[in-house]
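Enquirer: below: sequence and its predicted model.
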Amino acid sequence: MNKKVAFITGITGQDGSYLAELLLAKGYQVHGLKRRASSLNTSRIDHIYQDPHQQDLPLFLHYGDMSDSLALCGLLQKIQPDEIYHLAAQSHVAVSFEAAEYTANVVALGTIRLLEAVRLSGLNCRFFQAATSEMYGKVTSLMQNEDTPFRPCSPYAIAKVGAYWTTVNYREAYGLFAVNGIMFNHESPRRGETFVTRKITRALAAIALGQQQCLYLGNLDARRDWGFAADYMDAAWRMLQQDTPSDFVIATGVQHTVREFLQCCAASLGISLSFSGSGLTEIATVLHCDPARTPALQPGAVILRIDPRYLRPSEVPSLCGDATRARTVLGWQPATDFTALCQMMMAHDLAQAKRQALLEANGYAR
Ligand code: NDP
């Protein structure tokens, strides 16, 4: 039997790397869109990318960009995918306030470009679009499902609402098997370093080793529903295996504040924290720590302060997903809970910080 062929935009990102692993394990031939950059940007997939001179490569990378319709058309004609997973985006909410037009171009117009390329190529393929819980924005319902109205409040979320409705429109207007996965926050050791979860785990690792004194964050009260990225890519794959196309919320249904994420990660290092002050004056102080595990840290050390620069012009206060449909129709449920996620990310970043310290101590790194 011929291998199924998948095309992943955003293959070099967090989700793309887990999805590529999953599809390769299922026997797919995987093609990924890679942006040209002045330095290598394939670190998340280097472990699965083989020497292109070998025969029967299951993984191919192609240069292109979501702003380049002609390249997208050409690639689809060449690759002839059975399934397209559209993950490429300027995916950072805070950055979208500084680069609003670019975000709209890549996210909203980029999705139109790709769907038009599918339509014009006459391809009979299935299409997954990475939608986001940020589209709910300033919603007031406690939990959000597929019927909850959107109230986006960032350029990123507004662009994603455009991508969402474009996907629905191509499904309804052209009969395309095109679906939105409305994914709540999902993290992993491969999460970009500037996202709050990864910023926390990297900083805690550095603080634990005495390489950094203090971590600066914005809104500790933001409530999010955090899952593990690999679980969410499993849901994306399941969505394209259904008989009929429809949109699904992908979430854990459990909510935590940023403060709780920090506490849980610290706890996995044997550190307990005490929070005092409020708003911009809030700080976190080390209450207890294990001298065997964190010899550089003393009780009483202030390891967190608030920096107003990290507050957004418009905040999404609370998101929590109701993934009942995904559970019942897709048979999907997250395999990794909040504590396991924090422990996994913390362990990874601690190991990475130790490796870096070792290299530096032996004169192999700056
Ligand atoms: P990342 O930021 O880790 O990855 C984004 C990917 O898009 C990278 O491969 C990046 O390439 C690529 N990309 C960015 N701009 C362009 C462009 N102009 N042309 C081509 N490729 C581009 O995001 P995640 O993996 O975390 O997220 C995947 C998708 O899921 C995104 O669409 C995101 O918005 C969405 N999403 C993510 C959630 C999450 O919590 N992670 C929640 C809900 C939705 P490069 O490596 O070169 O930068």
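Expert: Okay, I see it. Numbering: from 1, shown residues only.
Enquirer: give me the phi and psi for whichever residue of the chain sits closest to the ligand.
Expert: Using C-beta to the nearest ligand atom, G13 is the residue of the chain that sits closest to the ligand, at 2.1 Å. Glycine gets a C-beta too; all of them are placed from N, C-alpha and C. Main-chain dihedrals, G13, degrees, to the nearest 10: phi -90, psi -180.
Enquirer: how far away is it from Y164?
Expert: 19 Å (C-beta to C-beta, to the nearest Å).
Enquirer: contact residues of the stretch 1-150 of the chain facing the ligand?
Expert: If contact is defined as C-beta under 6 Å from any ligand atom, the residues of the stretch 1-150 of the chain in contact with the ligand are 9-10, 12-16, 33, 35, 37, 41, 65-67, 87-91, 106, 130, 132.
Enquirer: contacts only, for the closest residue to the residue of the chain closest to the ligand other than its chain neighbours.
Expert: Take G13 and drop its neighbours on the chain: the residue closest to it by C-beta to C-beta, 6 or more residues apart in numbering is L87, 6.2 Å away. L87 is in contact with 8-11, 13, 15-16, 19, 130, counting by C-beta atoms under 8 Å, 6 or more residues apart in numbering.
Enquirer: quick check on those residues: which are buried?
Expert: Among the contacts of L87, those scoring as buried are 8-11, 13, 15-16, 19, 130 (criterion: 16 or more other C-beta atoms under 10 Å).
Enquirer: doesn't P317 make contact with D221?
Expert: Yes - proximity of D221 to P317 meets the contact threshold set by C-beta atoms under 8 Å, at 7.3 Å.
Enquirer: and V258, what does it touch?
Expert: Contacts of V258 (C-beta under 8 Å, 6+ apart): 196, 200, 217, 219-222, 224.
Enquirer: the residue of the chain closest to the ligand and K3, how far apart?
Expert: G13 is 23 Å from K3, where distance means C-beta to C-beta.
Enquirer: hmm, which two among the buried ones among the contacts of L87 are most spread apart?
Expert: Taking C-beta to C-beta as the measure, the buried ones among the contacts of L87 span a maximum distance of 12.3 Å, between I11 and A130.
Enquirer: low-confidence ranges, this structure, go.
Expert: By pLDDT under 70, the weakly predicted segments of the chain are 1, 54-56, 366.
Enquirer: which other helices and strands does the longest helix that it contains contact?
Expert: Taking DSSP state H as the criterion, the chain has its longest helix at helix 338-361. In terms of contacts (3 or more C-beta pairs under 8 Å, 6 or more residues apart in numbering; DSSP states H and E), helix 338-361 is packed against helix 196-208, strand 227-228, helix 258-267.
Enquirer: save these as TSV, and put in distance to G175 too.
Expert: Output for the helices and strands packed on helix 338-361, formatted as TSV (distance: least, C-beta to C-beta, whole Å):
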stretch	distance to G175
helix 196-208	39
strand 227-228	32
helix 258-267	42
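Enquirer: buried deepest among those, which one?
Expert: strand 227-228 (a mean of 26; mean count of other C-beta atoms under 10 Å).
Enquirer: now do whichever helix or strand comes after it: everything it contacts.
Expert: Next helix or strand after strand 227-228 toward the C-terminus (DSSP states H and E): helix 229-239. Residues outside helix 229-239 that contact it (C-beta under 8 Å, 6+ apart): 14-15, 18-19, 21-23, 26, 85, 128, 130, 179, 181, 183, 186-188, 190-191, 248, 250, 326, 330-332, 334-336.
Enquirer: write the PyMOL selection for whichever of those are buried.
Expert: The buried residues among the contacts of helix 229-239 can be selected in PyMOL (16+ other C-beta under 10 Å) with this line:
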select buried, resi 14+15+18+19+21+22+23+85+128+130+179+181+183+186+187+188+190+191+248+250+326+330+332+334+336
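Enquirer: so which of the contacts of helix 229-239 are in strands?
Expert: Judged by DSSP state E, the contacts of helix 229-239 include 85, 128, 130, 179, 181, 183, 186-187, 248, 250 as members of strands.
Enquirer: for these, work out which two are farthest apart.
Expert: Farthest-apart pair in these is V179 and E187; separation 23.0 Å (C-beta to C-beta).
Enquirer: now tell me what touches stretch 61-75 from outside.
Expert: 7, 9, 11, 31-36, 42, 49, 79, 88-89, 105-107, 109-110, 113-114, 116-117, 120-121.
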